[in-house]
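Asker: Would you be able to build a 3D model of this:
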Amino acid sequence: MEKTKMSFIGKITKYFKEVKSEMKRVVWPTFAKVRQNTLVVIIYVLIVGLVIWGLDALFTWGMSMIIGR
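Answerer: The predicted structure is shown next:
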């Protein structure tokens, strides 16, 4: 059995046909779910940012106490 070589254009065409086929099977989230998940991410990022800011302020204060400034 001989392997047949596919041309470059043939490979690109096959790739995009497969992509189109896969995209038809994707289950897209609803807008409400996207909005909810976005809100959760924003709140989480704000909380983590505040924790990091607080720890930075605490360590800065601690180092200034050790150094004596």
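Asker: For the lowest-mean-pLDDT helix or strand in the chain, report the contacting residues that lie outside it.
Answerer: Within the chain, judged by mean pLDDT, DSSP states H and E, the helix or strand with the poorest mean is helix 8-25; its value is a mean of 94. If you take C-beta atoms under 8 Å, 6 or more residues apart in numbering as the criterion, helix 8-25 is touched by residue 6. Placement of C-beta: from N, CA and C, glycine included.
Asker: After that helix, which helix or strand is next?
Answerer: For helix 8-25, the following helix or strand on the C-terminal side (DSSP states H and E) is helix 31-67.
Asker: elements contacting that next one?
Answerer: If contacts are counted by 3 or more C-beta pairs under 8 Å, 6 or more residues apart in numbering; DSSP states H and E, helix 31-67 sits against no helix or strand.
Asker: so how far is it off the chain centroid?
Answerer: Computed by C-alpha atoms, centre = their mean, to the nearest Å, the separation of helix 31-67 from the middle of its chain amounts to 18 Å.
Asker: and that helix, which residues are buried?
Answerer: Buried residues in helix 31-67, counted by 16 or more other C-beta atoms under 10 Å: none are found.
Asker: Quick one: mean pLDDT over it.
Answerer: Averaging pLDDT along helix 31-67 yields 97.
Asker: Please save the CA atoms from the least confident helix or strand of the chain in CSV.
Answerer: Output of helix 8-25 as CSV, limited to C-alpha atoms (Å, rounded to 0.1, in the frame of the first residue of the first chain):
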residue,chain,number,x,y,z
PHE,A,8,0.1,22.0,0.7
ILE,A,9,-3.2,23.5,-0.4
GLY,A,10,-4.9,20.2,0.1
LYS,A,11,-3.6,20.0,3.7
ILE,A,12,-4.8,23.5,4.4
THR,A,13,-8.2,22.8,2.9
LYS,A,14,-8.5,19.6,4.9
TYR,A,15,-7.5,21.4,8.1
PHE,A,16,-10.2,24.1,7.7
LYS,A,17,-12.9,21.5,6.8
GLU,A,18,-12.0,19.7,10.0
VAL,A,19,-12.1,23.0,12.0
LYS,A,20,-15.5,23.8,10.6
SER,A,21,-16.7,20.3,11.5
GLU,A,22,-15.4,20.6,15.1
MET,A,23,-16.9,24.1,15.5
LYS,A,24,-20.4,22.7,14.7
ARG,A,25,-20.0,20.4,17.7
